[in-house]
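[1] I'll drop the sequence and a predicted model, then ask my questions.
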Amino acid sequence: MLKSSWRSVGRAAKALSRPTRTRGFALPSNLIRAAAKAASGKPGSKNLDWESLGFGYVPTDAMVVATWKDGKWGQLDLQRDLNFKLSAFSNIIHYGQGVFEGLKAHCCKDGKVRVFNSDMNWERMRNGADRLGMPEIPQDLFTNAVDFCVYTNMGYVPPYGIGGSLYLRPVLFGHGPQLGLGQAPEYLFAVMCAPVGAYYKSGLKAVDSVVIDKYDRAAPMGVGAVKCPGNYAADVKPAKEAADKGYPIALYLDSSERKYIEEFSTSNFVAIDEKGRYVTPKSESILPSTTNKVLMKIASSLGIEVEERPVAFEEVSGFKEVAACGTAVVLTPVGSITKGDQVYKFGELDRLKLLYEKVKALQVGEEEDTFGLTRVVEQAK
């Protein structure tokens, strides 16, 4: 069983710090042997210029993979080749049947490495897989893959104090030779990673935003709430057009009435209104941000009233603070939003900055995690 297998890993490679939920996914002996050899040292032990890290691709030692075939998931495996070999007729290529996630692991103040908030990522991937007709990823399979990817690439976890993290990218997609639309012959689940630096190295910097009026991000009852590739590909052109006009971030309204705020290009919309309330839009076509959920939890714990509801665009004139939230940065302050010839300006982050600092402190163990958001991944001895 999975529980005893993790104990074997612990004895053989001092791998993960705790067994995860068990559904019978035993770790194969080759993975246990690989654990003894693959660990890449202590956090920050790779020869990288940690202070210069940005948010970009840096190759690491390996990724963790599993295949669904004949109605069931196979065992996790370690893959050092960071490339996939696919049939040219795979579903992901022709029909876009795939979902992905983004989360982080941090080296903390006490020297331990912790994964942040992975349960919410698993839940969102499970919901997205269901919407796109793909097999469910069992939670223990997801958690084990994430933790083993961190353990294997431990040397790429940026050291504590520089603001960096190990960015983890779980993916699930259909592949195998198939011409017609339908369930794929096989599905591949993989977790890969890359070290990233602090998004803002000299403090939070406000950006200007513009409302997109020529394109829609998602349709009602469509897949806007799914973290699938097509939702992001559809924003490449609008985002570039906005950037060319001097707006680093774009805002979408609902596609039915163009009356309600949906979300920014790759981030949820959050605001503080004149009464000090935390306000964020609610819609079936908005991607549920795991970061936004954490911010709402923390806000409520601090006595800040949280309103998750439809937000009419006309309300922006009454917002004191506005930001975009997501995994990469937690919060990006928005200094203004332009719609047509009207410009709405906002103040510097105050209450939202407090929430930002709380999240950052939780991620690196500077505050006690009373929310159960973090999980330790043991380092090789």
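    Sure, I can see it.

[2] Show me what counts as buried in stretch 78-96.
    Leu78, Leu86, Ser90, Asn91, Ile92, Tyr95, Gly96 (16 or more other CB atoms under 10 Å). All C-beta spots, glycine's among them, are computed from the backbone N, C-alpha and C.

[3] what does stretch 163-173 give?
    Buried residues in stretch 163-173, counted by 16+ other CB under 10 Å: Gly163, Gly164, Ser165, Leu166, Tyr167, Leu168, Pro170, Val171, Leu172, Phe173.

[4] if I pick the fifth one, what's in contact with it?
    What that stands for is Tyr167. Counting by CB atoms under 8 Å, 6 or more residues apart in numbering, Tyr167 touches Phe55, Gly102, Leu103, Lys104, Cys193, Ala194, Pro195, Val196, Thr327, Ala328.

[5] how about TSV for the buried residues of stretch 163-173, with secondary structure and distance to Ala62 added?
    Below are those laid out as TSV (DSSP: H, G, I helix; E, B strand; the rest coil; distance: CB to CB, whole Å):
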residue	secondary structure	distance to Ala62
Gly163	coil	25
Gly164	coil	20
Ser165	strand	18
Leu166	strand	13
Tyr167	strand	15
Leu168	strand	13
Pro170	strand	15
Val171	strand	15
Leu172	strand	18
Phe173	strand	19
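
[6] which of those residues lies closest to Asp235?
    Ranked by distance to Asp235 (CB to CB), those are led by Val171 at 18.6 Å.

[7] hang on, the closest one packs against Gly102?
    No - Val171 lies out of contact with Gly102 (CB atoms under 8 Å); the separation is 10.3 Å.

[8] Which ones among the buried residues of stretch 78-96 lie within helices?
    Assigned to helices by DSSP state H, the following of those qualify: Asn91, Ile92.

[9] how about the strands in the stretch 1-150 of the chain?
    For the stretch 1-150 of the chain, strands defined by DSSP state E, counting those that start in this stretch occupy the ranges 63-69, 72-73, 77-79, 98-100, 103-107, 113-116.

[10] pull the longest helix from this protein.
    helix 229-244.

[11] out of the buried residues of stretch 78-96, who's nearest Asp254?
    Nearest to Asp254, judged by CB to CB, of these is Gly96 at 22.9 Å.

[12] Tell me who's in contact with that closest one.
    Counting by CB under 8 Å, 6+ apart, Gly96 makes contact with Cys228, Pro229, Gly230.

[13] Leaving out chain neighbours, which residue sits closest to Ser52?
    Among residues not flanking Ser52 along the chain, Gly197 sits closest, at 7.2 Å (CB to CB, 6 or more residues apart in numbering).

[14] Now that that neighbour has come up, it's in contact with Pro159, right?
    No - using CB under 8 Å, Gly197 is not in contact with Pro159, being 11.5 Å away.
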